[in-house]
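Asker: following is a predicted model, sequence given first.
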Amino acid sequence: MNKLIIYRKKINKIDKCIVKLLLLRFKLVIKISNYKKINRIKIIDKERELQVLNNIKKYSNKKYQKFMINLFKNIINYSKKIQNIW
């Protein structure tokens with residue numbers, strides 16, 4: 001098997017893990033949404049969003065930091081949409 005095929009198989013495995021983790025994250029978002037509704041807490045929490053983005057900065061290396069921040073902004077925005085639906 002050539003290296004390209006091996007690398008692509010590894011990427012496929014990683015992609016599968018990423019999808020599973022995002023689905024797990026979204027399940028937790030739904031639980032958070034239910035908790036917020038029961039306790040009359042606003043869905044949007046700018047302080048928490050900044051906290052998440054700061055964590056992402058810490059977890060990322062400089063080369064990909066901007067991309068990671070933008071990616072997580074999208075994830076956060078989608079999470080807010082999920083909370084508004086549930």
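Answerer: In hand now; what should we look at?

Asker: next secondary structure element downstream of the one helix or strand Ile18 maps to?
Answerer: Secondary structure assigned from DSSP states H and E places Ile18 in helix 3-38. Going down the chain from helix 3-38, the next helix or strand is helix 46-59, by DSSP H and E.

Asker: mind listing what's buried in the helix holding Ile18?
Answerer: For helix 3-38, burial by neighbour count (16 or more other Cβ atoms under 10 Å) applies to 29, 32-33. For glycine as for every other residue, the C-beta is placed from the backbone atoms N, C-alpha and C.

Asker: cool, and stretch 39-51?
Answerer: Glu49.

Asker: what helix or strand does the residue positioned nearest the centre of the chain sit in?
Answerer: With distances taken as Cα atoms, centre = their mean, the chain has Ile75 as the residue nearest its mean C-alpha position (4.6 Å). Following DSSP H and E, one finds Ile75 within helix 65-85.

Asker: would you mind writing the CA trace of stretch 45-56 as CSV?
Answerer: As requested, the backbone C-alpha atoms of stretch 45-56 are provided in CSV (Å, rounded to 0.1, in the frame of the first residue of the first chain):
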residue,chain,number,x,y,z
ASP,A,45,-23.6,33.6,27.6
LYS,A,46,-20.8,35.8,26.2
GLU,A,47,-18.5,35.1,29.1
ARG,A,48,-18.7,31.4,28.5
GLU,A,49,-18.1,31.8,24.8
LEU,A,50,-15.0,33.8,25.6
GLN,A,51,-13.9,31.2,28.0
VAL,A,52,-14.3,28.5,25.3
LEU,A,53,-12.4,30.5,22.7
ASN,A,54,-9.6,31.2,25.2
ASN,A,55,-9.3,27.5,25.9
ILE,A,56,-9.1,26.8,22.2
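
Asker: so how far is that stretch off the chain centroid?
Answerer: Between the mean C-alpha point of stretch 45-56 and the mean C-alpha point of its chain there is a distance of 12 Å (Cα atoms, centre = their mean, to the nearest Å).
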